[in-house]
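Visitor: Next input, structure requested:
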Amino acid sequence: MNLLTLPAVAPVPMRKRASAQVFEDPLSLELLAHIQRIAPSEASILINGATGTGKELVARHVHNLSHRRNGPFIAVNCGAFAETLVEAELFGHEKGAFTGALAARAGWFEEANGGTLFLDEIGDLPLAIQVKILRVLQEREVVRLGSRKSIPINVRVLAATNIQLEQAIIQGRFREDLFYRLNVVSLQLLPLRKRPGDIIPLAHHFIEEYSSRLGYQSATLSDDAIHKLSKYSWPGNIRELENVIHHALLISNGNEIQAWHITLNNTRLVPDDNSNVSEITSETLLLQALESLFEERVDNIHQLVEDLLIKMAYQHCGYNQVHTASLLGLTRNVTRSHLIRIGELIVNHRTPR
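Guide: Numbers count the residues shown, from 1 in each chain. Next up is the predicted model:
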């Protein structure tokens, strides 16, 4: 089994998530071989994949296989910054450059000097910042906010996104020249449902990891549990699997994990290939759910469905307002108002994204 277990590197301006990428499925092994070929180069890499597929882990693996492995690895979530602060965060600022700038500070490009800078959710950056990143990549130097002095840097940039940047270019939300500058090499991370050979090895990995944290003996998976895990479509990908295994360990007290210990959204179960169950479409599931609501004579069904749709879309998009708005075909302001109304977003409580 090829398991990438990579060390945490500080500083990172976002919460470090426990994650792992196990390469057991044939498609994953192909990706691993491709990474091993391109990692030693200095080429910029664009990593595409849905939320929870392990984009940051792959970026760390590229760094560890490169000649920069002894330098810093800095991971930056571009969607986590307020638009007014993103320039200072990336490029640094001088004392007095803006209200609250009480001292000069290096940006993340400078912090990554001699190593690798991983820009996650690159599609969230404002166009004005995209222009400045393009200049940094071309000139290999940064200018801090409030300064006229350029600072040479030696940084390899890896970027990641869970949106189609080509579509964002057409919509005028992403610069085409920056896209080509970042997309020298492209890595596509498949969702977990499309590489089923990774599901059980990943489950075993998380069992070992969380058993150690909880002080349990290493638990095992029953045959029924393995079957249940294998037949789920994993919309939340590796991150969802990790949470499911963590929860299963807690309620099993570290003993053998049975199927009933595994809590899943049963509407996402995949029928057996040999079963007579017809293919379940999204439309069928929606109709069944609505029929149940009509039969139960639920009050204000429209409001209930709208609230649930917005809530689920927000969770599916990793609590990112921009991606949620895009998925629902709404503006960000309308989406934000809905989230505040249903209690999913509290003003000044969470960093806006």
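
Visitor: Any regions of this protein where pLDDT drops low?
Guide: Along the chain, the parts satisfying pLDDT under 70 run over 1-21, 266-285, 287-299, 345-353.

Visitor: Report the central residue of it.
Guide: When C-alpha atoms, centre = their mean is applied to the chain, the residue found nearest the centroid is residue 51 (3.7 Å).

Visitor: That one: which element?
Guide: Residue 51 is part of no helix or strand, with elements assigned from DSSP states H and E.

Visitor: Ramachandran coordinates for the nearest residue to residue 46 once chain neighbours are set aside?
Guide: Excluding the flanking residues, the one nearest residue 46 by C-beta to C-beta, 6 or more residues apart in numbering is residue 183, at 4.4 Å. No exception for glycine: its C-beta is placed from N, CA and C like everyone else's. The phi/psi pair for residue 183 (degrees, to the nearest 10) reads phi -90, psi 40.

Visitor: Leaving out the residues flanking it, which one is nearest to the residue nearest to the centre of the chain?
Guide: residue 318 (4.2 Å).

Visitor: how many other residues sit next to the one you found?
Guide: 18 (other C-beta atoms under 10 Å).

Visitor: ok, now residue 165?
Guide: With other C-beta under 10 Å as criterion, residue 165 counts 21.

Visitor: just the strands in the protein please.
Guide: 2-4, 21-23, 45-49, 73-77, 116-120, 141-143, 150-152, 156-161, 185-189 (DSSP state E).

Visitor: Remind me what the last one packs against, helices and strands.
Guide: What it means is strand 185-189. Judged by 3 or more C-beta pairs under 8 Å, 6 or more residues apart in numbering; DSSP states H and E, the packing partners of strand 185-189 are helix 26-38, strand 45-49, helix 55-65.

Visitor: one more time with 10 Å, if that's ok
Guide: Counting contacts by 3 or more C-beta pairs under 10 Å, 6 or more residues apart in numbering; DSSP states H and E, strand 185-189 packs against helix 26-38, strand 45-49, helix 55-65, strand 156-161.

Visitor: winner for burial among the ones you listed?
Guide: strand 156-161 (a mean of 25; mean count of other C-beta atoms under 10 Å).

Visitor: angle of it against strand 185-189?
Guide: Between strand 156-161 and strand 185-189, the angle comes out at 40 degrees (axes from the mean of the first three to the mean of the last three C-alpha atoms, to 10 degrees).

Visitor: Provide the strand pairings for strand 156-161, with the direction of each partner.
Guide: Strand 156-161 sits in its sheet next to strand 45-49 (parallel), strand 116-120 (parallel), going by DSSP bridges.

Visitor: Turn those into TSV, including distance to residue 209.
Guide: Shown next, in TSV, are the strands paired with strand 156-161 (distance: least, C-beta to C-beta, whole Å):
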stretch	distance to residue 209
strand 45-49	21
strand 116-120	22
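
Visitor: For residue 328, find the nearest of the ones you listed.
Guide: strand 45-49 (21.1 Å; C-beta to C-beta).

Visitor: ok, back up a step: out of the strands of the chain, which is closest to residue 323?
Guide: Across those, closest to residue 323 is strand 156-161 (C-beta to C-beta), at 9.9 Å.

Visitor: Any idea which of the strands of the chain gets closest to residue 286?
Guide: Short answer: strand 45-49, nearest of these by C-beta to C-beta, at 26.6 Å.

Visitor: isn't residue 162 right up against residue 168?
Guide: No - when contacts are counted by C-beta atoms under 10 Å, residue 162 is not listed as touching residue 168 (11.6 Å).

Visitor: what do those two both touch?
Guide: Between them, residue 162 and residue 168 share these contacting residues under C-beta atoms under 10 Å, 6 or more residues apart in numbering: residue 123.

Visitor: Could you report the neighbour count for the nearest residue in space to residue 168 that is not next to it in sequence?
Guide: With sequence-adjacent residues excluded and distances taken as C-beta to C-beta, 6+ apart, residue 168 is closest to residue 174, at 3.9 Å. Close neighbours of residue 174, defined as other C-beta under 10 Å, add up to 22.

Visitor: same deal with residue 169?
Guide: When neighbours are counted by other C-beta under 10 Å, residue 169 comes out with 16.

Visitor: swap in residue 197?
Guide: Neighbours around residue 197, by other C-beta under 10 Å: 16.

Visitor: For residue 53, see how far away the residue nearest to residue 51 is.
Guide: 11 Å (C-beta to C-beta, to the nearest Å).

Visitor: Identify the contacts common to the two.
Guide: 162, 236, 239.

Visitor: now that we have these, which one has the most neighbours?
Guide: Most surrounded of these: other C-beta under 10 Å gives residue 236, at 22 neighbours.

Visitor: ok now do it, which residues does it touch?
Guide: Counting by C-beta under 10 Å, 6+ apart, residue 236 has contacts 50-53, 191-192, 242-244, 265, 268, 315-316, 318.

Visitor: can you do 6 Å?
Guide: residue 52 (C-beta atoms under 6 Å, 6 or more residues apart in numbering).
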